[in-house]
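*Asks:* here are the coordinates; sequence isn't available:
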């Protein structure tokens with residue numbers, strides 16, 4: 001399936017999570033969408049200026065990149081459901097509003113989550129000298 005617009009993506013994610021009800025694994029990924037290689041100009045324009053202080057001779061990256069959001073859900077063999085893949089691209093100007101809506105959809109959709117069981121620590125009766 002191709003990339004959806006943001007509103008359509010949120011609607012489909014909400015419906016899929018509601019229908020899934022914890023039966024299948026759901027994988028959510030977010031990453032920076034890089035510029036395609038054909039449109040890149042010569043020179044280094046992809047340096048991280050936020051992490052490492054560079055010398056003045058090395059150019060710093062001041063570009064803003066859109067974010068690619070993906071959802072992949074395994075199909076159910078018993079019910080003969082196929083694997084589902086959804087994706088959308090969020091521009092930097094729309095990012096704050098999208099995160100608010102996205103977080104709400106995820107919170108309402110993941111109602112069947114279980115708390116992780118803590119392992120009991122072994123108490124040793126032996127005393128070492």
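*Replies:* Arrived safely. Note that the coordinates shown come from a computational prediction; the quantities given were computed from them, not determined experimentally.

*Asks:* which parts of the chain are helices?
*Replies:* 6-20, 95-109 (DSSP state H).

*Asks:* so who does residue 25 touch?
*Replies:* Going by C-beta atoms under 8 Å, 6 or more residues apart in numbering, residue 25 touches 73, 74. Every residue, glycine included, has its C-beta placed from N, CA and C.

*Asks:* and for the one 3 residues further on?
*Replies:* Applying C-beta under 8 Å, 6+ apart to residue 28 gives the contacts 69, 70, 71, 106.

*Asks:* farthest-apart pair in those residues, please.
*Replies:* Spatial extent of those (C-beta to C-beta) is set by the pair 70 and 106 at 13.5 Å.

*Asks:* pick the one among the contacts of residue 28 closest to residue 62.
*Replies:* residue 69 (23.6 Å).

*Asks:* dig out what the closest one forms beta bridges with.
*Replies:* Counting by DSSP bridges, residue 69 is bridged to residue 30, residue 88.

*Asks:* so residue 92 is in contact with residue 64, correct?
*Replies:* Yes - counting by C-beta atoms under 8 Å, residue 64 is a contact partner of residue 92 at 4.5 Å.

*Asks:* give the closest residue to residue 5 in space, chain neighbours not counted.
*Replies:* Distance criterion C-beta to C-beta, 6 or more residues apart in numbering; nearest residue to residue 5, sequence neighbours excluded, is residue 88 at 6.8 Å.
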